[in-house]
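*Asks:* model this:
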Amino acid sequence: MYIKIHGNRDYVKGNTQSCHDLIQYLEKENEELNLLEQEQFFNHSSNSISAEFAINSIDNNKKGLKDKDAKFFMVTVNPSERELRHLAKIASKRHIRDISEMNPSELERYNNMVKNYARDVMEEYAKAFNRGLSGNDLVYYAKLEQQRHFKGTDKEVKEGLATSGEKKEGLQTHVHIVISRKDVSQKVSLSPLANSRGSKNHVLKGKSVKVGFNRDEFVASCEKEFDKKFQFQRTFENSYGYYKFASNPAYGIEKASRIAMQAAEKPELAGKNLVISAIDKATKTSMASGINKAANLSSNPDSAKDLLVNKLDELVIQLLPPEAKAAKKIAEKVIKPIIELGSGGLEI
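*Replies:* Numbers count the residues shown, from 1 in each chain. Purely as a prediction, here's the structure:
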């Protein structure tokens, strides 16, 4: 799953004025289809919204914004071909490689699954601001597309295997979502590009919380929602966590080295801390850390250890099978080889 939050420079004429050009651009696939086959825009409550309505709705939802402020943003939801084949199989009960292989009712089921998942993404988007919002509080319009074309920057074009502008084969379904900067009340300004680390304190329902948009947590939660909603068995190598690790190998190696050094000195402690960290991060709580603290306060060390192990096992089984699997994979792929090499004289 690749979910992209487009930056301010990704729009041909910027995003500080009308969204007219962007919405009209997203109508491009409809030009090749007859009226009955055309895809309309959709939002949290409707599957049939015109381009004109979407433009007027977003352009008029800007109370309090200055002329140079961003008025809208775009999020693109790009399921992998493996994920799309999984959805197509649910919709048709057979293996599908192209939407042309599905009959109209199968295609409708398939498209609706993608649209409903896009709505789930917008629920996670709203939650990610930590302001008590839901998808119903957002002003957004989404467009489902079935085609992608090669660009000059694509590997296949550079290697001469395809030409720029050529249509890509296979399932290419994806969704573009245009979102107003303001919520539906026009009282809250929401930018997925600002305060991405949640750096500001804010009081919500009497409790102090951190506001701001954490993109890593947003994408990870969307991936988790897809797996849960469609019972998709994701391998660790196809997870966002693995992608983040692989896309920044220097950071990954440095972090793995620190873990390996601790593991070489205190292997039981390192293993325990790895699992605790994975659980806390996945649940966005300090649940596992709390259990660990309670266990350490026990007067009987053996009982403390048993309590910790049993409680963590319960959490892994009931709540976090994917995350536990991820932690195990990290250990197998990163920590264990480094420790084994280290025992033979590896200098870190």
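*Asks:* Leu161 - that's part of a strand, no?
*Replies:* No. Assignment of Leu161 by DSSP: H, G, I helix; E, B strand; the rest coil gives coil, placing it outside any strand.
*Asks:* Could you tell me the per-residue confidence at it?
*Replies:* Looking at Leu161, its pLDDT is 90.
*Asks:* what's the neighbour count on it?
*Replies:* When counting by other CB atoms under 10 Å, one arrives at 11 neighbours for Leu161. To be clear about C-beta, it is placed using only N, CA and C from the backbone, and glycine gets the same treatment.
*Asks:* Kindly report the same for Gly14.
*Replies:* Around Gly14 there are 13 residues (other CB under 10 Å).
*Asks:* give the contact list for it.
*Replies:* By CB atoms under 8 Å, 6 or more residues apart in numbering, the contact list for Gly14 reads Asn8.
*Asks:* Going forward, count from 44.
*Replies:* In the new count, where the first residue is 44, that last one comes out as Gly57.
*Asks:* Is it in a helix, a strand, or coil?
*Replies:* Assignment for Gly57 (three-state DSSP): coil.
*Asks:* Check what pLDDT it gets.
*Replies:* pLDDT, read off for Gly57, is 90.
*Asks:* which residues of the stretch 144-293 of the chain fall in helices?
*Replies:* Ranges of helices within the stretch 144-293 of the chain are 147-170, 198-201, 258-273, 283-290, 292-308, based on DSSP state H, counting those that start in this stretch.
*Asks:* Contacts for the third one next, please.
*Replies:* Translated: helix 258-273. With CB under 8 Å, 6+ apart as the test, helix 258-273 has contacts from 44, 46, 48, 120, 122, 126, 129-130, 133, 156, 160, 163-164, 167-168, 170-171, 235, 239, 275-277, 282-284, 287, 325, 327, 365.
*Asks:* Going along the chain, name the strands of this protein.
*Replies:* Taking DSSP state E, the strands of the chain run over residues 45-48, 115-121, 183-188, 217-223, 243-247, 250-254.
*Asks:* any idea which of those scores lowest on pLDDT?
*Replies:* Lowest mean pLDDT within the strands of the chain: strand 243-247, a mean of 53.
*Asks:* Only the buried residues of stretch 181-199, if you could.
*Replies:* 181-189, 193, 197 (16 or more other CB atoms under 10 Å).
*Asks:* that older thread, from the contacts of helix 258-273, list the buried ones, please.
*Replies:* 44, 46, 48, 120, 122, 126, 129-130, 156, 160, 163-164, 167-168, 170-171, 235, 239, 275, 277, 282-284, 325, 365.
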